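K.L.:
I would like the atomic coordinates for the input below:
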Amino acid sequence: MPKKLFSKKDWLLAGILFLFVLVIGAGRLEEGLYTWGDDHSAYINEGIAIAEGRFDDIAKINYFYHPSELPDEAKNERLVYSWGYPLQMAVVYKLVGFDRTLYSSIIYYKIPTLLSLALTSSVLYLFFRRRFSTILAFCGALMICLNYELLGLINCLYSDLVFLFFCMLTLLLMECYSERVSLKKPSFLLAVCFAISLLFTYETRLNGLAVCLIALLGHGFAVLKGQRKANKYLGLHVFPYILFALLAFLIEYFWLAPATKNVSDIDGSHFLEFTSFYLSRTIDFLGNIYGRFYFLGYVLAALSVLGFVTGGFSKNLYLQLLLIGTMIVNVLLPYQQGLRYIINVLPIVVMNTLYGLQYILQKLPLCKMPEKTQRVLLLILGVLLVAYPIRSQTIASINLMKRQNTIGINDVYSTDAVEIYRYIQEATPQDAIICFSKPRSLYLNTMRLAFHANINGHQLCDADYYLLNKHEDLDGGLIKKTDVPMKLVMENSGFSLYRITKNDVLAGS
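P.N.:
Okay, here's the model as predicted:
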């Protein structure tokens, strides 16, 4: 680990990266929500509950409307989603509320993910700068944060970008803090920031604990390298971890609650299939950096393997353990989540790519050239690395800004969807229960309890209404298979709402 602090130029470049990615990302903001994967609604629901002091209530509601099989760890009919991201949603809710009439406020809930990606670019630059030249560090940060898939996550309202930010911030602060202590320049403010970063890493995703443990491991390695002074400054080294543990305990047991674990999901039933899948998705990520020049993804992947072998592993053992461990856990799960579950290790993949590139450059006769010539050649290489993503993503953001208000026909906030939400609010009892394939989204937008049919013991006959999304039937043609008596009460081009007639009395009809 390099023993040097960041220069003014480093801070300036980190700031430039933040502003650039912020502007590019802001151009991607959309008023609607194009994906029906309703994790976003679960986060906002939990955030609103935190803001309104109803956390215990939402834990029970989470258990009721969870749209997939509940983990074995869900007990006492309570399910707590990791609340690090919902806590940010709570802040947005306090500032702007949630509009259930025009549904115009959803765009504000995307600001935390936008800020997270922009901040991640700065953190990544500083993280890479500890290992590489200014040019390689700058290019590495841009290659990640200008990736098409990561920019697209701004609009998904998932916790992925927030988790990526806190993971990389935690790893960076661990290195900086351990270095400051070893240099006899410990900073109380830095220690507190590190503890808070550990807290949000831990509380934003269930695998945040693994990142915290890896940070502790890396910190331990740093301490062992300076064994002579280790005992003298041991208290300073462990202080952020003690503060983190204290904060987590106080918040989880005196305000909110610990997130429900899902370790029981691990079964390894798709090991080979998922191993191939995640390797393929990692190459896709690298290929998407250069868009139509997708084949370059294979070149970057080869460089990453080279970098892992020639220095990436030996110089960053704890980071490589995080990479390998994350991949192993994901291939043992019974479901796929694309890049979402490996997003926090993608910077390590790119770090290995930079090591591979650095290794090749060191083998070239550049060292025999004048220093000024070397810098010019490295600058040209840097421009070649990032020219395409800068150009393509800038043009894409400009074009997308022109149709920011355009909402698709199957958007969560399409005209048809908003019409059905309003009808449900106005024409159904407040205690009505609706069967719908995306129950968490329906609850967010109508405040009506909902569940997914044939999941966690829920049956269609237990509901008062059944809502069908005609654009995307995720119930497997349930309307054609069921013998439960229903009456169509409202329909538009996108949705059909049925009242289950045998529940007339319960529905108050």
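
K.L.:
Quick check, pLDDT for residue 374.
P.N.:
In this model, residue 374 is scored at 69, pLDDT.

K.L.:
what stretches of the stretch 351-500 of the chain score poorly on pLDDT?
P.N.:
366-369, 371, 374 (pLDDT under 70).

K.L.:
typo on my end, the chain
P.N.:
Looking at the chain by pLDDT under 70, you get 1-4, 226-232, 264-265, 268, 292, 366-369, 371, 374, 502-509.

K.L.:
what ranges do the strands span in it?
P.N.:
Using DSSP state E, the strands of the chain run over 433-435, 449-451, 465-469, 486-491, 495-500.

K.L.:
May I have the strands that pair with the last one, each with its orientation?
P.N.:
The one in question is strand 495-500. strand 465-469 (antiparallel), strand 486-491 (antiparallel) (DSSP bridges).

K.L.:
Touching that strand from outside, list them.
P.N.:
Contact with strand 495-500 is made by 416-417, 420, 423-424, 460-461, 463-470, 479, 484-491, 507, 509, as judged by Cβ atoms under 8 Å, 6 or more residues apart in numbering. Using the backbone N, CA and C atoms, a C-beta is placed for each residue, glycine as well.

K.L.:
And it, how far out from the chain middle?
P.N.:
34 Å (Cα atoms, centre = their mean, to the nearest Å).

K.L.:
oh, and call the first residue 4 from now on, that's how I've got it
P.N.:
From this message on, residue numbering opens at 4, which makes the last subject strand 498-503.

K.L.:
So what's the residue count around the closest residue to residue 26 other than its chain neighbours?
P.N.:
Leaving aside its sequence neighbours, residue 26 sits nearest to residue 400 (Cβ to Cβ, 6 or more residues apart in numbering; 7.7 Å). Neighbours of residue 400 under the rule other Cβ atoms under 10 Å: 17.

K.L.:
picking up where we left off before, tabulate the strands of the chain in CSV, adding columns for distance to residue 98 and mean neighbour count.
P.N.:
Shown next, in CSV, are the strands of the chain (distance: least, Cβ to Cβ, whole Å; neighbours: other Cβ atoms under 10 Å):
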stretch, distance to residue 98, mean neighbour count
strand 436-438, 30, 25
strand 452-454, 27, 24
strand 468-472, 31, 22
strand 489-494, 34, 15
strand 498-503, 31, 21
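
K.L.:
so which of those comes closest to residue 78?
P.N.:
strand 452-454 (19.1 Å; Cβ to Cβ).

K.L.:
packing partners for the closest one?
P.N.:
helix 58-68, strand 436-438, helix 442-449 (3 or more Cβ pairs under 8 Å, 6 or more residues apart in numbering; DSSP states H and E).

K.L.:
Could you provide these in a markdown table, with additional columns for distance to residue 409?
P.N.:
Below are these laid out as a markdown table (distance: least, Cβ to Cβ, whole Å):
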| stretch | distance to residue 409 |
| --- | --- |
| helix 58-68 | 30 |
| strand 436-438 | 29 |
| helix 442-449 | 20 |
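
K.L.:
and of these, who's closest to residue 143?
P.N.:
helix 442-449 (36.4 Å).

K.L.:
Could you list every helix and strand in contact with that closest one?
P.N.:
Helix 442-449 packs on helix 42-55, helix 58-68, helix 418-430, strand 452-454, going by 3+ Cβ pairs under 8 Å, 6+ apart.
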